[in-house]
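Trainee: Generate a structure from the sequence data that follows.
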Amino acid sequence: MNLLVVNHHGALGRLIGQLASQTGWVVKIANRVPDFRKMISEEKIDLLVCDATPAQEVQESVTRLEFIQTLRDAKVATPVFLFEEEGVEITLDPELTQKLGGITVFRKPVGLADMRKALAKVADSLAGSGSKSDRQGELDL
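Mentor: Reported below is the predicted structural model:
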């Protein structure tokens, strides 16, 4: 199982990577959205984890949801974990998030138990479906 972390802050990506690798995930890190695009086009990714902030989205000239929309348009239904800062108004459009499907939003700070549970749920789903990350809307996280 391959997990790709798009990580601008380092610490969260390393933590998620450590948790995931303890349970059999192969963890890859992309530091910017362009790296993310390249990696997702070159490798089979079973779970995407993105910690980009709205300010970084402006810098990258693409929002997380816009990029996920391009994946969904290409029939890539890989589940996605997104993170929002505590105390900051949710910047994700809830209707678009639901429409795109397969997105789980975590509010920071994220509890380790919650992250382990979410990783296990995706792993269990992949094991039960033969790693069919190309089927949209299968995960109810």
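Trainee: Kindly check the end-to-end length of stretch 5-15 for me.
Mentor: 11 Å (Cα to Cα, to the nearest Å).
Trainee: sorry, that was for stretch 22-35
Mentor: 25 Å.
Trainee: Walking through this structure, point out its helices one by one.
Mentor: With helices called from DSSP state H, the chain shows them at 11-21, 33-42, 54-60, 64-73, 94-100, 112-129.
Trainee: By mean pLDDT, show me the worst of those.
Mentor: Mean pLDDT values for the helices of the chain show the minimum at helix 54-60, a mean of 61.
Trainee: ok so, going back, can I get the helices of the chain in a markdown table with distance to residue 106 and mean neighbour count?
Mentor: Bear in mind the C-beta positions are built from the backbone N, C-alpha and C, glycine included. As requested, the helices of the chain are exported to a markdown table (distance: least, Cβ to Cβ, whole Å; neighbours: other Cβ atoms under 10 Å):
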| stretch | distance to residue 106 | mean neighbour count |
| --- | --- | --- |
| helix 11-21 | 10 | 17 |
| helix 33-42 | 18 | 16 |
| helix 54-60 | 16 | 14 |
| helix 64-73 | 13 | 18 |
| helix 94-100 | 13 | 13 |
| helix 112-129 | 7 | 15 |
